[in-house]
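*Asks:* show me how the following folds:
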Amino acid sequence: MSSRRSRNPWRRPIGLATWTWAYVLWMFLPVAIAVLFSFNGGRSRSVWQGFSLRWWTGEPNASLLHDETLHSALRNSLVLALLTMLVATPIGIALAIGLARWRSRMASGANWLMLVPLVTPEIVMGASLLLVFTNLYTGIPLGRPAQLLGHVTFSISYVVVVARGRLLSIGRDYEEAARDLGASQFQALRLVLLPLLAPAIFAGFVIVFAMSIDDFVISAFLSSGAGSETVPVRIYSAVRTSSSPALNALASFLVASTLVALALGATVMSWFRRRRGTKESALADLTSVGI
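*Replies:* Numbering: from 1, shown residues only. This is a model prediction of the structure:
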């Protein structure tokens with residue numbers, strides 16, 4: 001009987017659950033501590049000195065509300081992420097459709113090339129882009145133009161992967177049925193395929209935004225100075241010189257922005273699922289967003 005109980009497949013996996021929660025705590029505890037010290041009453045970032053909004057709104061020159069250098073970094077990050085999202089996602093969707101419909105040996109090679117940015121170390125990508133913009137594409141200045149092109153370069157592959165998965169699940173039956181009913185190729189694309197791709201398109205927007213706003217290496221390599229510093233670059237440079245809990249407040253705001261994007265993505269994916277008449281968990285919605 002004891003051996004049967006030990007082999008019961010429906011037994012609660014206590015060991016697995018313990019390791020899972022231990023990993024979750026290990027991963028999120030530093031973030032929680034950083035957020036907590038953004039409300040520290042003193043200047044220390046390691047010794048708790050009481051709860052205060054000093055570094056959010058209180059300090060006249062050094063708080064998140066009043067420090068113009070922090071505003072500039074946050075503005076640069078948001079603008080860069082939004083522009084990258086608007087440029088990379090349509091290009092990635094178009095590439096995914098083209099690669100899915102292209103039948104030749106070159107198509108296989110193109111599919112493999114689309115995976116190169118996913119496996120290339122980011123430090124190599126950043127250094128390569130810097131050399132390209134300083135020696136080859138000299139007409140494109142460092143700063144936001146170069147950063148935008150760099151972010152678009154590494155973001156397109158993620159959109160292609162998400163969209164290709166959706167295209168494989170859709171198949172070609174709906175397009176062929178539309179063509180049989182008299183629709184042109186463009187009408188079948190616009191009226192049938194793109195509406196079916198809507199969840200993947202939105203997931204691409206969310207993924208690109210989250211990755212762009214969080215990027216450090218490429219943003220740092222292609223930065224032209226303080227005028228093009230993003231939030232990760234600003235935090236890194238300030239921590240090495242003179243830091244204050246206002247940086248924790250800035251990082252907390254960045255974390256909150258990412259969580260809002262994630263929640264919005266999960267909400268929209270739930271809406272898509274309800275329209276299809278399926279009932280799935282919030283975890284499945286977050287997985288569909290791709291984060």
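*Asks:* avg pLDDT for the helix or strand encompassing A146?
*Replies:* Element membership for A146, per DSSP states H and E: helix 144-170. Mean pLDDT, helix 144-170: 90.
*Asks:* flag every buried residue along it.
*Replies:* Of all the residues in helix 144-170, those buried under the rule 16 or more other Cβ atoms under 10 Å are 144-164, 166-167, 170. C-betas here are computed from N, CA, C, even on glycine.
*Asks:* after that helix, next one along is what?
*Replies:* Downstream of helix 144-170, the next assigned helix or strand under DSSP H and E is helix 173-180.
*Asks:* next one: that following helix to chain centre, how far?
*Replies:* 34 Å (Cα atoms, centre = their mean, to the nearest Å).
*Asks:* only C-alpha atoms, please: export whichever helix or strand comes after that helix in CSV.
*Replies:* The helix or strand immediately downstream of helix 173-180 is helix 185-188, counting by DSSP H and E. Output of helix 185-188 as CSV, limited to C-alpha atoms (Å, rounded to 0.1, in the frame of the first residue of the first chain):
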residue,chain,number,x,y,z
GLN,A,185,-5.2,38.0,-53.0
PHE,A,186,-5.1,41.4,-51.4
GLN,A,187,-8.7,41.2,-50.2
ALA,A,188,-8.0,37.7,-48.7
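*Asks:* what comes into contact with helix 185-188?
*Replies:* Residues outside helix 185-188 that contact it (Cβ atoms under 8 Å, 6 or more residues apart in numbering): E175, A178, R179.
*Asks:* do I have it right that I207 meets V161?
*Replies:* No. Using Cβ atoms under 8 Å, I207 is not in contact with V161, being 9.4 Å away.
*Asks:* any residues in contact with both of these two?
*Replies:* Common neighbours of I207 and V161, using Cβ under 8 Å, 6+ apart, do not exist here.
*Asks:* tell me how many other residues surround A127.
*Replies:* The number of residues packed near A127 is 14, by other Cβ atoms under 10 Å.
*Asks:* how about the nearest residue to it, chain neighbours excluded?
*Replies:* The spatial neighbour of A127 that comes closest, neighbours along the chain excluded (Cβ to Cβ, 6 or more residues apart in numbering), is F221 at 6.5 Å.
*Asks:* and the one you found, how many neighbours does it have?
*Replies:* The burial count for F221: 22, using other Cβ under 10 Å.
*Asks:* residues in contact with it?
*Replies:* Applying Cβ under 8 Å, 6+ apart, one finds that F221 lies in contact with G126, A127, L129, L130, G150.
*Asks:* and those residues, which is closest to W19?
*Replies:* W19 has its nearest neighbour among these in G126, at 34.5 Å by Cβ to Cβ.
*Asks:* L222 is in contact with that closest one, correct?
*Replies:* Yes. In terms of Cβ under 8 Å, G126 counts as a neighbour of L222; the distance is 7.4 Å.
*Asks:* quick one: which of those two has more around it?
*Replies:* For G126 versus L222, the count of surrounding residues by other Cβ under 10 Å is larger for L222: 25 against 20.
*Asks:* buried ones in stretch 35-51?
*Replies:* Buried residues in stretch 35-51 (16+ other Cβ under 10 Å): V35, F37, S38, F39, N40, R45.
*Asks:* gap between the closest residue to P60 other than its chain neighbours and I235?
*Replies:* Distance criterion Cβ to Cβ, 6+ apart; nearest residue to P60, sequence neighbours excluded, is H66 at 5.7 Å. Going from H66 to I235 by Cβ to Cβ, to the nearest Å gives 18 Å.
*Asks:* no further queries at this time; thank you.
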